[in-house]
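>>> 3D model of this:
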Amino acid sequence: MNRSVPTGHASAISADVQQARAVAMQLRQQGRLDAAANIMHAAGLKALGQPDAVFDCALFIKESGRHALAAELCDRQLALSPGHLRLLALAGSIDHEMGRFGAARSRYLAAIHGGIDLNQWFLLHALSTTQRYTDADHPDFALFEAHASDARLSPRARAAVCFALGKARDDIGDTRRAAEMFRAANGLVKREVHWSRDVWERFVAAQIQEPPAASLTQPSGCVPVFVVGMVRSGTTLLADRLGRHADVRNRGEMPFIAYLAGQLKSQGLLHDVRACAQARDIYLAHLRQDDAPARWYIDKHPLNFRYVDLIHRLFPEARVLYCRRDRRDNALSIYSQYFGHADNDYAYDFEDIASYAAGCDRLMAHWAQSRRLPLHVVDYEQMVADPETTLAAAGAYLGLPGEQPATDARDQGAIATASMWQARQPIYHRSVGRWRSYGEWLPELEKLGAGGNA
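Below you'll find the predicted structure:
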(Lines give C-alpha, C1' and ligand atoms only; values in the text may rest on other atoms or scores of the structure.)
Protein backbone atom coordinates (compact mmCIF):
# COMPACT_ATOMS: atom_id res chain seq x y z
CA MET A 1 0.00 0.00 0.00
CA ASN A 2 1.32 3.42 -0.93
CA ARG A 3 1.78 5.65 2.10
CA SER A 4 2.22 9.13 0.66
CA VAL A 5 0.86 10.44 3.98
CA PRO A 6 3.04 9.67 7.02
CA THR A 7 1.57 6.98 9.26
CA GLY A 8 1.49 9.27 12.24
CA HIS A 9 -0.98 11.53 10.50
CA ALA A 10 -3.48 8.76 9.68
CA SER A 11 -5.57 9.31 12.82
CA ALA A 12 -5.79 13.04 12.13
CA ILE A 13 -6.93 12.37 8.57
CA SER A 14 -9.51 9.89 9.85
CA ALA A 15 -10.79 12.51 12.29
CA ASP A 16 -11.01 15.06 9.48
CA VAL A 17 -13.01 12.64 7.33
CA GLN A 18 -15.39 11.82 10.18
CA GLN A 19 -15.92 15.50 10.94
CA ALA A 20 -16.53 16.24 7.27
CA ARG A 21 -18.96 13.33 7.09
CA ALA A 22 -20.97 14.64 10.05
CA VAL A 23 -21.38 18.03 8.34
CA ALA A 24 -22.06 16.42 4.98
CA MET A 25 -24.73 14.15 6.47
CA GLN A 26 -26.59 17.18 7.81
CA LEU A 27 -26.44 18.84 4.42
CA ARG A 28 -27.61 15.71 2.63
CA GLN A 29 -30.54 15.37 5.01
CA GLN A 30 -31.54 18.89 3.93
CA GLY A 31 -31.36 17.91 0.25
CA ARG A 32 -28.15 19.90 -0.30
CA LEU A 33 -26.37 17.11 -2.12
CA ASP A 34 -23.96 19.28 -4.11
CA ALA A 35 -22.69 20.93 -0.95
CA ALA A 36 -22.45 17.59 0.87
CA ALA A 37 -20.56 15.95 -1.99
CA ASN A 38 -18.14 18.86 -2.28
CA ILE A 39 -17.30 18.70 1.42
CA MET A 40 -16.55 14.98 1.17
CA HIS A 41 -14.54 15.52 -1.99
CA ALA A 42 -12.36 18.07 -0.20
CA ALA A 43 -11.95 15.65 2.72
CA GLY A 44 -11.03 12.88 0.29
CA LEU A 45 -8.37 15.01 -1.35
CA LYS A 46 -6.81 15.68 2.05
CA ALA A 47 -6.90 11.93 2.76
CA LEU A 48 -5.14 10.88 -0.45
CA GLY A 49 -2.67 8.13 0.39
CA GLN A 50 -5.10 6.58 2.88
CA PRO A 51 -7.28 4.47 0.55
CA ASP A 52 -9.78 3.36 3.19
CA ALA A 53 -10.54 6.98 4.08
CA VAL A 54 -10.79 7.92 0.42
CA PHE A 55 -13.10 4.96 -0.15
CA ASP A 56 -15.47 6.26 2.53
CA CYS A 57 -15.50 9.72 0.95
CA ALA A 58 -16.05 8.42 -2.58
CA LEU A 59 -18.84 6.09 -1.45
CA PHE A 60 -20.64 8.97 0.25
CA ILE A 61 -20.31 11.10 -2.89
CA LYS A 62 -21.61 8.27 -5.09
CA GLU A 63 -24.57 7.73 -2.77
CA SER A 64 -25.25 11.47 -3.11
CA GLY A 65 -25.60 11.01 -6.87
CA ARG A 66 -22.47 12.98 -7.80
CA HIS A 67 -20.79 10.23 -9.76
CA ALA A 68 -18.29 12.30 -11.71
CA LEU A 69 -16.89 13.76 -8.50
CA ALA A 70 -16.68 10.30 -6.90
CA ALA A 71 -14.95 8.89 -10.00
CA GLU A 72 -12.33 11.64 -9.97
CA LEU A 73 -11.52 10.93 -6.32
CA CYS A 74 -11.26 7.17 -6.95
CA ASP A 75 -8.95 7.75 -9.91
CA ARG A 76 -6.61 9.89 -7.84
CA GLN A 77 -6.32 7.31 -5.08
CA LEU A 78 -6.03 4.33 -7.43
CA ALA A 79 -3.07 6.05 -9.04
CA LEU A 80 -1.41 5.78 -5.62
CA SER A 81 -2.73 2.34 -4.59
CA PRO A 82 -3.81 0.49 -7.76
CA GLY A 83 -4.33 -2.81 -5.95
CA HIS A 84 -6.82 -1.63 -3.31
CA LEU A 85 -9.65 -4.10 -3.84
CA ARG A 86 -12.59 -2.25 -2.31
CA LEU A 87 -11.66 0.93 -4.12
CA LEU A 88 -11.40 -0.97 -7.41
CA ALA A 89 -14.87 -2.41 -6.84
CA LEU A 90 -16.34 0.98 -5.94
CA ALA A 91 -14.68 2.69 -8.90
CA GLY A 92 -16.01 -0.08 -11.13
CA SER A 93 -19.56 0.42 -9.88
CA ILE A 94 -19.29 4.18 -10.48
CA ASP A 95 -18.01 3.60 -14.02
CA HIS A 96 -20.80 1.08 -14.52
CA GLU A 97 -23.56 3.47 -13.48
CA MET A 98 -22.07 6.20 -15.66
CA GLY A 99 -22.16 3.92 -18.70
CA ARG A 100 -18.40 3.44 -18.93
CA PHE A 101 -18.77 -0.31 -19.29
CA GLY A 102 -15.25 -1.11 -20.51
CA ALA A 103 -13.64 0.70 -17.57
CA ALA A 104 -16.08 -1.00 -15.18
CA ARG A 105 -15.14 -4.44 -16.56
CA SER A 106 -11.43 -3.76 -16.12
CA ARG A 107 -11.85 -2.72 -12.52
CA TYR A 108 -14.23 -5.53 -11.64
CA LEU A 109 -11.83 -8.09 -13.09
CA ALA A 110 -8.87 -6.56 -11.25
CA ALA A 111 -10.78 -6.79 -7.97
CA ILE A 112 -11.98 -10.35 -8.66
CA HIS A 113 -8.56 -11.67 -9.65
CA GLY A 114 -7.04 -9.75 -6.75
CA GLY A 115 -9.10 -11.86 -4.34
CA ILE A 116 -11.90 -9.55 -3.21
CA ASP A 117 -14.46 -11.19 -0.91
CA LEU A 118 -17.21 -12.30 -3.29
CA ASN A 119 -19.55 -12.83 -0.35
CA GLN A 120 -19.45 -9.10 0.25
CA TRP A 121 -19.10 -7.87 -3.32
CA PHE A 122 -21.27 -9.54 -5.97
CA LEU A 123 -18.89 -8.50 -8.72
CA LEU A 124 -19.44 -11.52 -10.96
CA HIS A 125 -23.07 -10.52 -11.35
CA ALA A 126 -22.05 -6.91 -11.98
CA LEU A 127 -19.49 -8.07 -14.52
CA SER A 128 -22.14 -9.94 -16.50
CA THR A 129 -24.15 -6.75 -16.99
CA THR A 130 -21.32 -4.74 -18.55
CA GLN A 131 -21.79 -6.26 -22.00
CA ARG A 132 -23.91 -8.46 -24.24
CA TYR A 133 -22.20 -11.80 -24.86
CA THR A 134 -22.02 -13.26 -28.35
CA ASP A 135 -19.69 -16.23 -27.91
CA ALA A 136 -19.75 -19.12 -25.42
CA ASP A 137 -15.94 -19.13 -25.55
CA HIS A 138 -15.78 -15.75 -23.83
CA PRO A 139 -13.60 -16.16 -20.69
CA ASP A 140 -16.35 -14.83 -18.43
CA PHE A 141 -18.28 -18.08 -18.94
CA ALA A 142 -15.51 -20.15 -17.37
CA LEU A 143 -15.26 -17.62 -14.55
CA PHE A 144 -18.98 -17.85 -13.82
CA GLU A 145 -19.03 -21.66 -14.08
CA ALA A 146 -16.13 -21.94 -11.65
CA HIS A 147 -18.02 -20.01 -8.97
CA ALA A 148 -21.61 -21.16 -9.57
CA SER A 149 -21.17 -24.15 -7.25
CA ASP A 150 -18.45 -22.71 -5.01
CA ALA A 151 -19.30 -23.96 -1.50
CA ARG A 152 -17.33 -21.08 0.01
CA LEU A 153 -19.94 -18.63 -1.21
CA SER A 154 -23.08 -17.81 0.72
CA PRO A 155 -26.45 -18.77 -0.84
CA ARG A 156 -27.03 -15.18 -1.95
CA ALA A 157 -23.54 -14.86 -3.41
CA ARG A 158 -23.94 -18.14 -5.32
CA ALA A 159 -27.35 -16.98 -6.50
CA ALA A 160 -25.78 -13.81 -7.88
CA VAL A 161 -23.28 -15.93 -9.83
CA CYS A 162 -26.09 -18.15 -11.17
CA PHE A 163 -27.97 -15.04 -12.29
CA ALA A 164 -24.78 -13.90 -14.04
CA LEU A 165 -24.35 -17.22 -15.83
CA GLY A 166 -28.04 -17.28 -16.74
CA LYS A 167 -27.78 -13.80 -18.21
CA ALA A 168 -24.70 -14.74 -20.24
CA ARG A 169 -26.38 -17.92 -21.54
CA ASP A 170 -29.47 -15.92 -22.44
CA ASP A 171 -27.31 -13.51 -24.42
CA ILE A 172 -26.06 -16.29 -26.70
CA GLY A 173 -29.51 -17.87 -27.06
CA ASP A 174 -28.93 -20.91 -24.83
CA THR A 175 -32.33 -20.60 -23.15
CA ARG A 176 -32.33 -24.11 -21.71
CA ARG A 177 -29.15 -23.55 -19.72
CA ALA A 178 -30.19 -19.99 -18.90
CA ALA A 179 -33.50 -21.24 -17.48
CA GLU A 180 -31.65 -23.81 -15.36
CA MET A 181 -29.44 -21.10 -13.93
CA PHE A 182 -32.35 -18.71 -13.29
CA ARG A 183 -34.29 -21.45 -11.51
CA ALA A 184 -31.28 -22.34 -9.37
CA ALA A 185 -30.59 -18.69 -8.54
CA ASN A 186 -34.18 -17.93 -7.57
CA GLY A 187 -34.36 -21.08 -5.46
CA LEU A 188 -31.29 -20.03 -3.50
CA VAL A 189 -32.67 -16.55 -2.76
CA LYS A 190 -36.24 -17.75 -2.14
CA ARG A 191 -34.98 -19.79 0.83
CA GLU A 192 -33.39 -16.65 2.26
CA VAL A 193 -36.40 -14.31 2.10
CA HIS A 194 -39.79 -14.34 3.78
CA TRP A 195 -42.15 -12.48 1.48
CA SER A 196 -45.86 -13.10 2.24
CA ARG A 197 -48.64 -12.94 -0.33
CA ASP A 198 -51.16 -12.58 2.49
CA VAL A 199 -49.36 -9.54 3.92
CA TRP A 200 -49.16 -7.97 0.46
CA GLU A 201 -52.83 -8.56 -0.30
CA ARG A 202 -53.82 -7.07 3.06
CA PHE A 203 -51.71 -4.01 2.27
CA VAL A 204 -53.42 -3.57 -1.10
CA ALA A 205 -56.87 -3.96 0.50
CA ALA A 206 -55.99 -1.42 3.20
CA GLN A 207 -54.83 1.12 0.60
CA ILE A 208 -58.06 0.70 -1.33
CA GLN A 209 -60.17 1.09 1.80
CA GLU A 210 -58.36 4.23 2.96
CA PRO A 211 -60.81 7.15 2.72
CA PRO A 212 -59.77 9.94 0.34
CA ALA A 213 -58.41 13.17 1.76
CA ALA A 214 -58.29 16.68 0.35
CA SER A 215 -55.13 17.68 -1.49
CA LEU A 216 -52.85 20.40 -0.20
CA THR A 217 -53.37 23.71 -1.96
CA GLN A 218 -49.98 25.41 -1.60
CA PRO A 219 -48.13 25.12 -4.95
CA SER A 220 -44.72 23.50 -4.96
CA GLY A 221 -43.28 25.73 -7.69
CA CYS A 222 -42.32 22.74 -9.84
CA VAL A 223 -43.89 19.67 -11.44
CA PRO A 224 -42.99 16.42 -9.67
CA VAL A 225 -43.16 13.54 -12.16
CA PHE A 226 -43.59 10.01 -10.82
CA VAL A 227 -42.79 7.09 -13.11
CA VAL A 228 -44.42 4.02 -11.57
CA GLY A 229 -45.30 0.43 -12.34
CA MET A 230 -43.82 -3.02 -11.90
CA VAL A 231 -40.05 -3.17 -11.93
CA ARG A 232 -38.62 -4.10 -15.34
CA SER A 233 -41.61 -2.57 -17.11
CA GLY A 234 -39.72 0.23 -18.88
CA THR A 235 -39.61 2.80 -16.08
CA THR A 236 -35.84 3.39 -16.35
CA LEU A 237 -35.97 3.67 -20.14
CA LEU A 238 -38.84 6.16 -20.03
CA ALA A 239 -37.32 8.28 -17.27
CA ASP A 240 -33.93 8.33 -18.96
CA ARG A 241 -35.36 9.51 -22.28
CA LEU A 242 -37.55 12.19 -20.68
CA GLY A 243 -34.67 13.26 -18.44
CA ARG A 244 -32.62 14.27 -21.47
CA HIS A 245 -34.86 17.32 -21.91
CA ALA A 246 -33.21 20.58 -20.86
CA ASP A 247 -36.08 21.47 -18.50
CA VAL A 248 -36.12 18.12 -16.70
CA ARG A 249 -34.04 16.66 -13.86
CA ASN A 250 -34.16 12.88 -13.52
CA ARG A 251 -33.49 12.08 -9.86
CA GLY A 252 -33.60 8.31 -10.32
CA GLU A 253 -35.21 6.11 -7.68
CA MET A 254 -35.86 8.24 -4.62
CA PRO A 255 -36.84 6.37 -1.42
CA PHE A 256 -38.77 9.17 0.26
CA ILE A 257 -42.41 8.62 -0.71
CA ALA A 258 -42.53 5.16 0.90
CA TYR A 259 -40.71 6.49 3.96
CA LEU A 260 -43.04 9.47 4.37
CA ALA A 261 -46.10 7.28 3.83
CA GLY A 262 -44.90 4.94 6.56
CA GLN A 263 -44.24 7.77 8.98
CA LEU A 264 -47.61 9.43 8.39
CA LYS A 265 -49.47 6.13 8.60
CA SER A 266 -47.75 4.90 11.77
CA GLN A 267 -48.46 8.19 13.54
CA GLY A 268 -52.08 8.44 12.37
CA LEU A 269 -51.34 11.64 10.45
CA LEU A 270 -52.37 10.75 6.89
CA HIS A 271 -55.25 13.25 7.12
CA ASP A 272 -53.40 15.88 9.15
CA VAL A 273 -52.85 18.93 6.95
CA ARG A 274 -49.88 20.28 8.91
CA ALA A 275 -48.09 16.91 8.97
CA CYS A 276 -48.71 16.39 5.26
CA ALA A 277 -47.38 19.88 4.50
CA GLN A 278 -44.20 19.06 6.45
CA ALA A 279 -43.86 15.78 4.53
CA ARG A 280 -44.25 17.67 1.25
CA ASP A 281 -41.53 20.15 2.21
CA ILE A 282 -39.13 17.33 3.16
CA TYR A 283 -39.72 15.60 -0.15
CA LEU A 284 -39.36 18.80 -2.18
CA ALA A 285 -36.01 19.60 -0.56
CA HIS A 286 -34.66 16.23 -1.70
CA LEU A 287 -36.28 16.56 -5.10
CA ARG A 288 -34.97 20.04 -5.89
CA GLN A 289 -31.57 19.63 -4.22
CA ASP A 290 -29.02 22.42 -4.68
CA ASP A 291 -27.97 22.08 -8.29
CA ALA A 292 -29.30 24.00 -11.30
CA PRO A 293 -33.08 24.43 -10.91
CA ALA A 294 -35.63 22.94 -13.30
CA ARG A 295 -39.37 22.96 -13.81
CA TRP A 296 -39.91 19.18 -14.05
CA TYR A 297 -38.34 16.65 -11.66
CA ILE A 298 -38.60 12.91 -12.21
CA ASP A 299 -38.78 10.36 -9.39
CA LYS A 300 -38.72 7.00 -11.13
CA HIS A 301 -39.08 4.69 -8.14
CA PRO A 302 -41.47 2.18 -9.77
CA LEU A 303 -42.97 0.96 -6.51
CA ASN A 304 -44.39 4.39 -5.75
CA PHE A 305 -47.51 2.93 -7.38
CA ARG A 306 -48.33 1.84 -3.84
CA TYR A 307 -48.81 5.46 -2.73
CA VAL A 308 -50.33 7.34 -5.66
CA ASP A 309 -53.11 8.69 -3.43
CA LEU A 310 -50.54 10.24 -1.08
CA ILE A 311 -48.62 11.64 -4.05
CA HIS A 312 -51.68 13.53 -5.26
CA ARG A 313 -52.54 14.62 -1.74
CA LEU A 314 -49.11 16.20 -1.30
CA PHE A 315 -48.69 17.37 -4.89
CA PRO A 316 -51.95 18.01 -6.77
CA GLU A 317 -49.81 19.34 -9.63
CA ALA A 318 -47.88 16.04 -9.88
CA ARG A 319 -47.91 13.92 -13.01
CA VAL A 320 -47.94 10.12 -12.85
CA LEU A 321 -46.67 7.99 -15.73
CA TYR A 322 -47.77 4.36 -15.36
CA CYS A 323 -45.59 1.86 -17.21
CA ARG A 324 -47.15 -1.47 -18.19
CA ARG A 325 -45.70 -4.51 -19.92
CA ASP A 326 -46.91 -7.90 -21.07
CA ARG A 327 -47.10 -9.89 -17.83
CA ARG A 328 -45.11 -12.83 -19.23
CA ASP A 329 -42.21 -10.73 -20.50
CA ASN A 330 -42.28 -8.67 -17.32
CA ALA A 331 -42.22 -11.76 -15.10
CA LEU A 332 -39.34 -13.32 -17.04
CA SER A 333 -37.34 -10.10 -16.79
CA ILE A 334 -37.96 -9.99 -13.04
CA TYR A 335 -37.19 -13.70 -12.57
CA SER A 336 -33.87 -13.36 -14.39
CA GLN A 337 -32.62 -10.47 -12.23
CA TYR A 338 -31.06 -10.34 -8.78
CA PHE A 339 -32.53 -7.61 -6.56
CA GLY A 340 -30.85 -6.43 -3.40
CA HIS A 341 -33.72 -4.61 -1.70
CA ALA A 342 -36.37 -6.33 0.44
CA ASP A 343 -39.12 -4.45 -1.43
CA ASN A 344 -38.53 -6.92 -4.26
CA ASP A 345 -38.50 -10.12 -2.23
CA TYR A 346 -41.52 -11.30 -4.23
CA ALA A 347 -39.27 -11.56 -7.30
CA TYR A 348 -37.96 -15.11 -6.78
CA ASP A 349 -41.14 -17.11 -7.34
CA PHE A 350 -43.58 -16.93 -10.26
CA GLU A 351 -46.67 -17.16 -8.05
CA ASP A 352 -45.36 -14.37 -5.85
CA ILE A 353 -44.62 -12.24 -8.93
CA ALA A 354 -48.18 -12.87 -10.17
CA SER A 355 -49.62 -11.87 -6.79
CA TYR A 356 -47.56 -8.70 -6.69
CA ALA A 357 -48.50 -7.77 -10.25
CA ALA A 358 -52.19 -8.36 -9.52
CA GLY A 359 -51.91 -6.01 -6.55
CA CYS A 360 -50.29 -3.39 -8.78
CA ASP A 361 -53.15 -3.73 -11.28
CA ARG A 362 -55.75 -3.37 -8.52
CA LEU A 363 -54.16 -0.31 -6.99
CA MET A 364 -53.62 1.52 -10.25
CA ALA A 365 -57.19 0.81 -11.36
CA HIS A 366 -58.44 2.06 -7.99
CA TRP A 367 -56.41 5.28 -8.11
CA ALA A 368 -57.58 6.01 -11.64
CA GLN A 369 -61.26 5.13 -11.21
CA SER A 370 -62.22 5.82 -7.62
CA ARG A 371 -60.07 8.87 -7.03
CA ARG A 372 -60.25 10.15 -10.62
CA LEU A 373 -56.55 10.91 -10.56
CA PRO A 374 -54.92 11.95 -13.84
CA LEU A 375 -52.59 9.19 -15.03
CA HIS A 376 -50.85 8.59 -18.32
CA VAL A 377 -50.29 4.96 -19.31
CA VAL A 378 -47.16 3.99 -21.23
CA ASP A 379 -47.21 0.47 -22.65
CA TYR A 380 -43.73 -0.97 -23.04
CA GLU A 381 -44.59 -2.64 -26.33
CA GLN A 382 -45.77 0.65 -27.83
CA MET A 383 -42.68 2.46 -26.58
CA VAL A 384 -40.46 -0.11 -28.28
CA ALA A 385 -42.49 -0.15 -31.50
CA ASP A 386 -42.82 3.64 -31.84
CA PRO A 387 -40.59 5.43 -29.32
CA GLU A 388 -40.91 8.89 -30.86
CA THR A 389 -44.72 8.91 -30.71
CA THR A 390 -44.77 7.37 -27.24
CA LEU A 391 -42.29 9.87 -25.82
CA ALA A 392 -44.05 12.77 -27.53
CA ALA A 393 -47.35 11.73 -25.95
CA ALA A 394 -45.73 11.44 -22.52
CA GLY A 395 -44.10 14.85 -22.97
CA ALA A 396 -47.42 16.40 -23.98
CA TYR A 397 -49.09 14.94 -20.88
CA LEU A 398 -46.33 16.47 -18.74
CA GLY A 399 -46.63 19.80 -20.55
CA LEU A 400 -43.03 19.82 -21.71
CA PRO A 401 -42.12 22.44 -24.30
CA GLY A 402 -40.73 21.34 -27.68
CA GLU A 403 -37.75 19.00 -27.59
CA GLN A 404 -34.51 20.69 -26.56
CA PRO A 405 -31.01 19.33 -26.05
CA ALA A 406 -29.97 18.89 -22.43
CA THR A 407 -27.88 21.81 -21.24
CA ASP A 408 -26.51 20.30 -18.02
CA ALA A 409 -25.26 16.79 -18.66
CA ARG A 410 -23.30 16.46 -15.44
CA ASP A 411 -24.29 13.18 -13.79
CA GLN A 412 -27.44 13.12 -15.95
CA GLY A 413 -26.21 9.78 -17.28
CA ALA A 414 -25.77 7.97 -13.97
CA ILE A 415 -28.21 5.05 -13.86
CA ALA A 416 -28.19 2.89 -10.74
CA THR A 417 -30.90 0.37 -11.56
CA ALA A 418 -30.93 -3.13 -13.04
CA SER A 419 -31.60 -1.52 -16.43
CA MET A 420 -28.35 0.46 -16.53
CA TRP A 421 -27.15 -1.43 -19.63
CA GLN A 422 -30.44 -1.59 -21.54
CA ALA A 423 -31.35 2.06 -20.98
CA ARG A 424 -28.11 3.12 -22.71
CA GLN A 425 -28.67 1.02 -25.81
CA PRO A 426 -30.82 1.93 -28.81
CA ILE A 427 -34.43 0.90 -28.21
CA TYR A 428 -34.78 -2.62 -29.60
CA HIS A 429 -37.55 -5.15 -30.20
CA ARG A 430 -36.00 -8.41 -29.04
CA SER A 431 -37.35 -8.05 -25.50
CA VAL A 432 -40.96 -8.11 -26.78
CA GLY A 433 -42.32 -11.65 -26.75
CA ARG A 434 -39.05 -12.92 -25.26
CA TRP A 435 -40.97 -15.20 -22.90
CA ARG A 436 -41.90 -17.49 -25.80
CA SER A 437 -38.33 -18.74 -26.13
CA TYR A 438 -38.54 -19.91 -22.50
CA GLY A 439 -41.93 -21.61 -22.74
CA GLU A 440 -40.46 -25.12 -22.73
CA TRP A 441 -38.11 -24.50 -19.83
CA LEU A 442 -40.23 -22.15 -17.68
CA PRO A 443 -43.82 -23.27 -18.36
CA GLU A 444 -45.09 -21.07 -15.51
CA LEU A 445 -44.78 -18.07 -17.82
CA GLU A 446 -47.62 -19.02 -20.16
CA LYS A 447 -49.98 -19.48 -17.21
CA LEU A 448 -49.50 -15.83 -16.25
CA GLY A 449 -51.26 -14.51 -19.37
CA ALA A 450 -50.67 -11.08 -20.82
CA GLY A 451 -51.90 -9.28 -17.70
CA GLY A 452 -52.89 -5.64 -17.71
CA ASN A 453 -51.89 -5.21 -21.35
CA ALA A 454 -54.30 -7.80 -22.73
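>>> give me phi/psi at the residue lying closest to L118 once chain neighbours are set aside?
In space, L118 comes closest to A157 once its chain neighbours are excluded; the distance is 5.6 Å by C-beta to C-beta, 6 or more residues apart in numbering. Where C-beta positions appear, they are placed from N, C-alpha and C, glycine not excepted. Phi and psi for A157, reported as degrees, to the nearest 10, are phi -70, psi -40.
>>> next structured bit after whichever strand or helix holds R107?
When secondary structure is defined by DSSP states H and E, R107 falls within helix 101-113. Tracing the chain past helix 101-113, the next element assigned as helix or strand by DSSP H and E is helix 123-128.
>>> OK, contacts around the residue nearest to L118?
With contacts taken as C-beta atoms under 8 Å, 6 or more residues apart in numbering, A157 has the following neighbours: L118, N119, F122.
>>> return the per-residue confidence for it.
Model confidence at A157, given as pLDDT, is 97.
>>> and what of G402?
pLDDT, read off for G402, is 76.
>>> OK, contacts around it?
The neighbours of G402, taking C-beta under 8 Å, 6+ apart as the test, come to nothing; the list is empty.
>>> where does it sit: helix, strand or coil?
Counting by DSSP: H, G, I helix; E, B strand; the rest coil, the backbone at G402 sits in coil.
>>> where in the protein is pLDDT low?
1-15, 403-428, 452-454 (pLDDT under 70).
>>> okay, domains of it per the record?
With automatic domain parsing serving as the domain definition, the record reports that the chain contains domains spanning 1-115, 117-192, 203-426+445-453.
>>> can you put the ones you listed in CSV and add distance to G433?
Written out in CSV, the entries for the domains of the chain read as follows (distance: least, C-beta to C-beta, whole Å):
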stretch, distance to G433
domain 1-115, 27
domain 117-192, 13
domain 203-426+445-453, 7
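>>> please enumerate the strands of the stretch 351-454 of the chain.
Residue ranges of the strands in the stretch 351-454 of the chain, as given by DSSP state E, counting those that start in this stretch, are 375-379.
>>> I should have written the chain there, sorry.
Under the criterion DSSP state E, the chain contains strands at 223-229, 248-250, 296-299, 319-324, 375-379.
>>> and those strands, which is most packed in?
strand 223-229 (a mean of 26; mean count of other C-beta atoms under 10 Å).
>>> what is the neighbour count of the nearest residue to E444 once chain neighbours are set aside?
With C-beta to C-beta, 6+ apart as the criterion, E444 has its nearest non-adjacent residue at 4.0 Å, and that residue is F350. Neighbours of F350 under the rule other C-beta atoms under 10 Å: 19.
>>> F350 against E446, yeah?
No. Counting by C-beta atoms under 8 Å, E446 is not a contact partner of F350; they are 10.7 Å apart.
>>> and A450, how close does it get to E381?
With distances taken as C-beta to C-beta, to the nearest Å, A450 is found 10 Å from E381.
>>> quickly list what's touching both of those two.
Between them, A450 and E381 share the contacting residues D326, judged by C-beta under 8 Å, 6+ apart.
>>> neighbour count winner among those two?
For A450 versus E381, neighbours defined as other C-beta under 10 Å are more numerous around E381 (19 against 13).
>>> measure the more buried one to R327 for me?
As defined by C-beta to C-beta, E381 lies at a distance of 12 Å from R327.
>>> with V193 instead?
22 Å.
>>> okay, those two: which has more neighbours?
Neighbours per residue (other C-beta under 10 Å) separate V193 from R327, with R327 holding more: 24 against 16.
>>> nearest residue to the more buried one in space, please, no chain neighbours.
G451 (2.7 Å).
>>> is it true that that neighbour touches N330?
Yes. With contact defined as C-beta under 8 Å, G451 counts as touching N330 (7.2 Å).
>>> find residues that contact each of those two.
Common contacts of G451 and N330, defined by C-beta under 8 Å, 6+ apart, comprise A357.
>>> which one's more surrounded, the two?
Neighbours per residue, other C-beta under 10 Å: of G451 and N330, the larger number sits with N330, 27 against 20.
>>> that one and M230 touch, don't they?
Yes. Checked against C-beta under 8 Å, the pair N330 and M230 is within contact range at 5.6 Å.
>>> where do the helices of the stretch 351-454 of the chain begin and end?
Assignment of helices within the stretch 351-454 of the chain using DSSP state H, counting those that start in this stretch yields the ranges 380-385, 387-398, 444-448.
>>> of all those, which lies closest to R362?
Each of the helices of the stretch 351-454 of the chain has some distance to R362 by C-beta to C-beta; the shortest is helix 444-448, at 16.0 Å.
>>> list the buried ones in the closest one?
If you call a residue buried by 16 or more other C-beta atoms under 10 Å, then helix 444-448 has these buried ones: E444, L445, L448.
>>> helices or strands next to that helix in the packing?
For helix 444-448, the packing partners by 3 or more C-beta pairs under 8 Å, 6 or more residues apart in numbering; DSSP states H and E come out as helix 327-335, helix 350-369.
>>> between those helices, which one is closest to A342.
Within the helices and strands packed on helix 444-448, the stretch nearest A342 is helix 350-369; the backing value is 13.0 Å (C-beta to C-beta).
>>> return the list of helices and strands in contact with that closest one.
For helix 350-369, the packing partners by 3+ C-beta pairs under 8 Å, 6+ apart come out as helix 197-209, strand 223-229, helix 308-314, helix 327-335, strand 375-379, helix 444-448.
>>> in CSV, list these along with distance to R28.
Written out in CSV, the entries for the helices and strands packed on helix 350-369 read as follows (distance: least, C-beta to C-beta, whole Å):
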stretch, distance to R28
helix 197-209, 30
strand 223-229, 20
helix 308-314, 21
helix 327-335, 31
strand 375-379, 32
helix 444-448, 41
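>>> between these, which gets nearest to R86?
helix 327-335 (30.0 Å).
>>> if we can go back for a sec, now the contacts of A157 in CSV, please, with extra columns for distance to I61 and neighbour count.
Formatted as CSV, the entries for the contacts of A157 read as follows, by distance: C-beta to C-beta, whole Å; neighbours: other C-beta atoms under 10 Å:
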residue, distance to I61, neighbour count
L118, 25, 21
N119, 26, 13
F122, 22, 20
